[in-house]
Every structure is written in structure tokens, then in C-alpha cells.
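Asker: predicted structure and sequence below. I'll ask about it afterward.
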Amino acid sequence: MPVPVLLVRGWPLLAVAAMLSIVPEAHAQRVSARDKAKVEALDQRMTAAEKRYNAALVLVNNADPKGTNEADAALEDMEDVISACVAQKGCQVSNLLPTYKRLLKSNADSQQDSEDGTAIADGTLLEADPDHVGPLAADVPEAARAAALLNDKRHAFDTMVEYNPAVQAGIRRWLTDMRPALLTSYENYQNLRAVMWPEWEKRGLPEALLFGIMAKESNGRVHASSRAGAAGLMQFMPATGRRFGLGPDGTGFDTRFDARSAAEASATYLNERMRELNNSVELSLAGYNGGEGRAIRVFRQYPGQGFWTDSVYNQFPGETKDYVPMVIAAAWIYLHPQQYGVEFPKISAQPATIRLAKSTTIYELTICLGSSGTRDGYMRALRNLNPRYEADGWIPAGTTINATTRIAGLYNRFCVSGPRADLARTLITADLNAAIVRPTAVSYTGNVAVGSVVPAAKPKAKPARSYKVGKGETLGKIAARFQCDVPTLARANGLKAPAYSLKQGQSIKLQGCDK
């Protein structure tokens, strides 16, 4: 039975142990009785977390599905203890290493017993890689950098921003009427994390800030757009997007809707603002929302003044005054969920691809996949991972689409063939007009009318030879309306997969259509 690999925010335990061992302890300092009590409490929490983890391993070895979740929760407790130790006067991080060494040995023994050479980390199967840790532990400068990242990735953001009543008010909003939006944003982000976070990580920006901006801008909906013309997960305006390589790519697709491209562009953009604005996160966010020109003008007009200084704060519009603390608040909750009683959903989002066995639509896939393992089904994940396809547009058989390992498994089980696949096809091709009934002609016997009501026959229309594309229409919609074979219709009009790009007013031939 595979067991959870010990991770601390993505770092294997052995690497973490090596990194912590080279982090210099704080200079000797006088510690008050109150601080000593806090340190003892942290030691007790670490011991309790160790016991919790060992109990979870027993469940895992007994094939109890609760085991993995319990192990993950125990590791999260340890992370919080380490973070608290770093900030606590008199707490020596090296004192926590014996616990890690014991868990490392237990974990290594369990992995050795695994027959398939894999281990589970955060619910995802990973290939065993015995060489992964060695270079990191041996390379002291790199390990030192990683040791800093161990804290920075999760908690350096805390020191980069000001936690004040405005941020607290934002947290209150996210935790009350906006809680559903927060949880939806988190779930959407987890499905996109594999393509977004690396772009921010390589540019040295905190992941929490990426989540905060995305949650506020779009709730993690790739196809979000505003009346002002902003589009995508990170809501780039057309002109700004073009500066950073985003926009129409020649196939009819706007790359502002591509998650990886949007993450890369937003990280580059934000780093520009940070360099101009003395690394102020608040002012950089103000520039992101309220215009970089305004932000740099205010920064130069009031040198040395932060965003929350009234002379600076009042230079920005109300939308920006709301935007800055709301982004920071979402990021803060992302870092400290347990503090606010937030239990983010466990998302299995290991990237995978699916080669379609038959033509389909995202709507059809959403129906046949069901909702196992997710709160709201998989339509949003499929749309986010495949932004080039309309939800109702037919995707040809043989096309490879992006998914997760869970979605791929459900597809092979329920969507290729079988009752649920047949039902999904029936529902997706249902014609509203077939439900309409009309009375037949009435005959009379004496003074009594005799007649019956039968389903109205479909009117036989002459085969349409051409059609002018209306506003917002896609090839999939037109194909459904005229009962067309999508590949035949596309070939007849020289349209290339997967976009099948159409323009309003364009005239197309209705070849391969029954209606």
C-alpha cells in the first residue's frame, strides 16, 4: 500500500530536514517566562502532530481512505508549528529536527515496502525518485536559498504587506457573503496551479499574491470578461495585454484566455510595478487596478509614503481602494486557512490529457463525467483547461484535450460507451421543437366536433444552401441548429480545428446538413 510522502509545501521531507539543518539559529537572546511557555506549547503541538501522523499511517496500511487525509492534516499542523517557531522568540528550529528524522525513517521504511515504486503526495501518485533529494542537500548555497523559500513561499508575504483594519474588513467579506466565491476561486486555482504557479515562482513572486489577484479579478474563470474590455483570469485590457504578448493569435483565439500565458504576463507586469514602486505590494496592486501611470505619479509626488497614508490613499479611485485590501485579504486567507476556520476542498489536479474516442462537446463531457470528487462537476475545470473550445462546440474525435488524472479516469469509465454516455448524448442533442404538439383538423358529426391531438410533423424545409453567421454564433451552434456534421461543415468552409473561427456576417455553406 503506498503511503504519503512527507512534504512541507511541496518540499520532500529529507530536503526540508537538510535545509533546516543549515539555517542559522537566531542569536542568543534573553527569553521571558511567557516566551518559554509558548515554545513549550509549540513542542507539544509538534509531538501531537507526530502521533497523529503515525496513527494515519496505520489507517493507510489498512486501506482506510481516511488515512491520507489524516496524514495531510498532520503535516499541515507541522508546517504551522515550524512557521510559528520561526516567528517565536527563543524557539530553535533545530529542536524540531528529531521529529522529522523519526518521520523520515518511518516514511522511508513504508516506501520500501511499496511494490509499485510510487508514493502518494497530496492524493497524487508520484514516481519514486531516489536521486531527487541528494543534489539539494549537497548543494549548500542552493539549500540555503531553498530554506529561505521554505518560509518565504508561505509566510514572507505576511511581512510584505500591512495587516490592518482594511485588510481585516476584506477578510470579513471573503468569509461571509463572498465565501462561496472564495472556495470556487480556490478550486479553480488548484486545477490551474500546475500551469500558473511555475510562471510566478520562477519570477520570485509569492503564490498567495497570485491567488489573491486571480480570486478578485475572475474567481478563477478563464473566460471572464468585463464591460471595459478586460479579459481572462488576470483581466488584462487589450492594450496592456499586447505589451506582454497577449491577444489574438491568428486562429481567432485571444491568448488572454490562456492560463499559462496570463500567469506569465501578470508576473512580468507586477515585477515591473514592484521595481518602479520600491517593492510596495499595495502600490503595485493599485497600479494593476487603477493604472500604472497614476501609481507612479503618486509615488513620485509623495516619496517615501505608503499606500495607506491618506495623501496617497486618496489619490486613487474607490474601486482601487477596495481592490487592494481585497486582494491582500484573499491572499492572507490562502496562507492562514486554519486561523479562520476555512477548510479548502481537497482537489486531485494532477495534469493529464484525453484523446477523444468520439466527437463530443464540453457540455456532453460534463454530463457523462458526473460530479464524483468535486462539488460542482467538471465543466469549469474542462473549460479552464481547454479555453479554445466553446462549451457547446463539437470537438472532433481524435482531438487531445487537457484534463486531470481524475477526469481522464472518469472519461474512460463513463464517457466512451455505456448507459451514461448514451444518456449524455441524448440530452445534448435533445431538440426543443420535438416536444411541441399541435391539434389536427377537426371533423363534425352532427353538432359534435370530432378530432384528436397528435404530435405535429416537422415542417419539411428546403435544404439551406448557405447561412449568414449571427452575433455570438459558433460552428457548433450552427451545426446543432441545422443538424450538420461538424467536420463536413468545417471542411466545406475551410475552417480549421480546433477553433473553427467564425465572424459575424460571414456566409457559410451548409454542406452535410439535414435541415
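Answerer: Perfect, I can see it now. Numbers count the residues shown, from 1 in each chain.

Asker: tell me the mean pLDDT over stretch 289-305?
Answerer: Stretch 289-305 shows a mean pLDDT of 95.

Asker: no wait, stretch 371-389
Answerer: Per-residue scores along stretch 371-389 average to 93.

Asker: now do stretch 218-226
Answerer: Averaged over stretch 218-226, pLDDT sits at 94.

Asker: where does pLDDT dip in this structure?
Answerer: 1-30, 61-65, 94, 97-155, 441-465, 497-499, 514-515 (pLDDT under 70).

Asker: quick one, strands of it?
Answerer: 7-8, 11-12, 118-121, 124-127, 351-355, 400-404, 437-439, 443-445, 448-450, 453-455, 466-468, 507-509 (DSSP state E).

Asker: the fifth one pairs with which strands?
Answerer: It refers to strand 351-355. Strands adjacent to strand 351-355 in the sheet, as given by DSSP bridges, are strand 400-404 (antiparallel).

Asker: what do you get for the last one?
Answerer: Paired neighbours of strand 507-509 in the sheet (DSSP bridges): strand 466-468 (antiparallel).

Asker: so what touches the partner strand?
Answerer: By C-beta atoms under 8 Å, 6 or more residues apart in numbering, the surrounding residues in contact with strand 466-468 are I478, F482, G505, Q506, S507, I508, K509, L510. Every C-beta, even on glycine, is put in place using the N, C-alpha and C of the backbone.

Asker: what's the neighbour count on the closest residue to L385 other than its chain neighbours?
Answerer: Leaving aside its chain neighbours, L385 sits nearest to N402 (3.9 Å; criterion: C-beta to C-beta, 6 or more residues apart in numbering). For N402, the tally of surrounding residues (other C-beta atoms under 10 Å) stands at 18.

Asker: again, but for Q338
Answerer: Q338 - counted by other C-beta under 10 Å - has 12 other residues nearby.

Asker: longest helix anywhere in this structure?
Answerer: In the chain, taking DSSP state H as the definition, the longest helix is helix 33-61.

Asker: and E390, how many neighbours?
Answerer: Other residues close to E390 by other C-beta under 10 Å number 20.

Asker: OK, contacts around it?
Answerer: Neighbours of E390 in contact, by C-beta under 8 Å, 6+ apart: I362, T474, G476.

Asker: distance of V58 relative to E50?
Answerer: Distance, V58 to E50, by C-beta to C-beta, to the nearest Å: 13 Å.

Asker: between the two, which one's more packed in?
Answerer: The neighbour comparison of V58 against E50 (other C-beta under 10 Å) goes to E50, with 19 against 11.

Asker: picking up where we left off before, flag every buried residue along the longest helix of the chain.
Answerer: Neighbour counts over helix 33-61 (16 or more other C-beta atoms under 10 Å) mark 38-39, 42-43, 45-46, 49-50, 52-53, 56-57, 59-60 as buried.

Asker: just stretch 471-491 next, same as before
Answerer: Buried residues in stretch 471-491 (16+ other C-beta under 10 Å): 473-480, 482, 484-487, 489-490.

Asker: quote the end-to-end distance of it.
Answerer: Stretch 471-491 has an end-to-end distance of 22 Å (C-alpha to C-alpha, to the nearest Å).

Asker: quick one: the helices in the stretch 401-515 of the chain, in order.
Answerer: Applying DSSP state H, counting those that start in this stretch to the stretch 401-515 of the chain gives helices spanning 405-410, 419-428, 475-482, 486-492.

Asker: between these, which gets nearest to M274?
Answerer: helix 405-410 (36.0 Å; C-beta to C-beta).

Asker: helices and strands around the closest one, which ones?
Answerer: Packed against helix 405-410 by the contact rule (3 or more C-beta pairs under 8 Å, 6 or more residues apart in numbering; DSSP states H and E) you find strand 351-355.

Asker: only C-alpha atoms, please: export the strand it packs on in PDB.
Answerer: Output of strand 351-355 as PDB, limited to C-alpha atoms (Å, rounded to 0.1, in the frame of the first residue of the first chain):
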ATOM      1  CA  PRO A 351      -2.400  17.100 -15.100                       C
ATOM      2  CA  ALA A 352      -3.300  14.600 -17.800                       C
ATOM      3  CA  THR A 353      -4.600  14.600 -21.400                       C
ATOM      4  CA  ILE A 354      -7.500  12.700 -23.000                       C
ATOM      5  CA  ARG A 355      -7.600  11.600 -26.700                       C
END
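
Asker: so how far is that strand off the chain centroid?
Answerer: Taking C-alpha atoms, centre = their mean, to the nearest Å, one finds strand 351-355 lying 17 Å from the centre of the chain it belongs to.

Asker: list the contacts of the residue nearest to L385.
Answerer: Counted by C-beta under 8 Å, 6+ apart, N402 has contacts P351, A352, T353, L385, N386.

Asker: distance check, it against R383.
Answerer: 11 Å.

Asker: just G290 next, same as before
Answerer: Taken as C-beta to C-beta, the span from G290 to R383 is 30 Å.

Asker: please verify my assumption that F414 contacts R420.
Answerer: Yes: counting by C-beta atoms under 8 Å, R420 is a contact partner of F414 at 4.6 Å.

Asker: the more surrounded of these two?
Answerer: F414 (20 against 16).

Asker: how many residues are close by the nearest residue to A230 once chain neighbours are set aside?
Answerer: Nearest in space to A230, with sequence neighbours left out and distances taken as C-beta to C-beta, 6+ apart, is M237 at 5.2 Å. M237 is flanked by 16 other residues according to other C-beta under 10 Å.

Asker: also G505?
Answerer: So G505, with other C-beta under 10 Å, has 9 neighbours.

Asker: which residues does the residue most central in space within the chain contact?
Answerer: Relative to the mean C-alpha position of the chain, the nearest C-alpha, by C-alpha atoms, centre = their mean, is the one of Y189, at 1.6 Å. Applying C-beta under 8 Å, 6+ apart to Y189 gives the contacts M196, F211, M214, A215, G220.

Asker: wait, the second one touches S185, no?
Answerer: Yes: with contact defined as C-beta under 8 Å, F211 counts as touching S185 (7.3 Å).

Asker: about what we covered before: and which of the contacts of N402 is nearest to V312?
Answerer: L385 (40.2 Å).

Asker: that closest one and A434, how far apart?
Answerer: Distance from L385 to A434, by C-beta to C-beta: 34 Å.

Asker: who's more crowded, these two?
Answerer: The neighbour comparison of L385 against A434 (other C-beta under 10 Å) goes to L385, with 24 against 10.

Asker: which ones are touching the more buried one?
Answerer: Applying C-beta under 8 Å, 6+ apart to L385 gives the contacts N191, L192, A259, I401, N402, A403, T404.

Asker: can you report how many residues neighbour the fourth one?
Answerer: Applying other C-beta under 10 Å, we find 21 other residues in the vicinity of I401.

Asker: contact partners for it?
Answerer: Taking C-beta under 8 Å, 6+ apart, one finds T353, I354, L356, L382, L385, N386, Y389, I395 in contact with I401.

Asker: quick one: these as JSON lines, columns for distance to T68 too.
Answerer: Putting the contacts of I401 into JSON lines (distance: C-beta to C-beta, whole Å) gives the following:
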{"residue": "T353", "distance to T68": "25"}
{"residue": "I354", "distance to T68": "25"}
{"residue": "L356", "distance to T68": "31"}
{"residue": "L382", "distance to T68": "25"}
{"residue": "L385", "distance to T68": "24"}
{"residue": "N386", "distance to T68": "29"}
{"residue": "Y389", "distance to T68": "33"}
{"residue": "I395", "distance to T68": "34"}
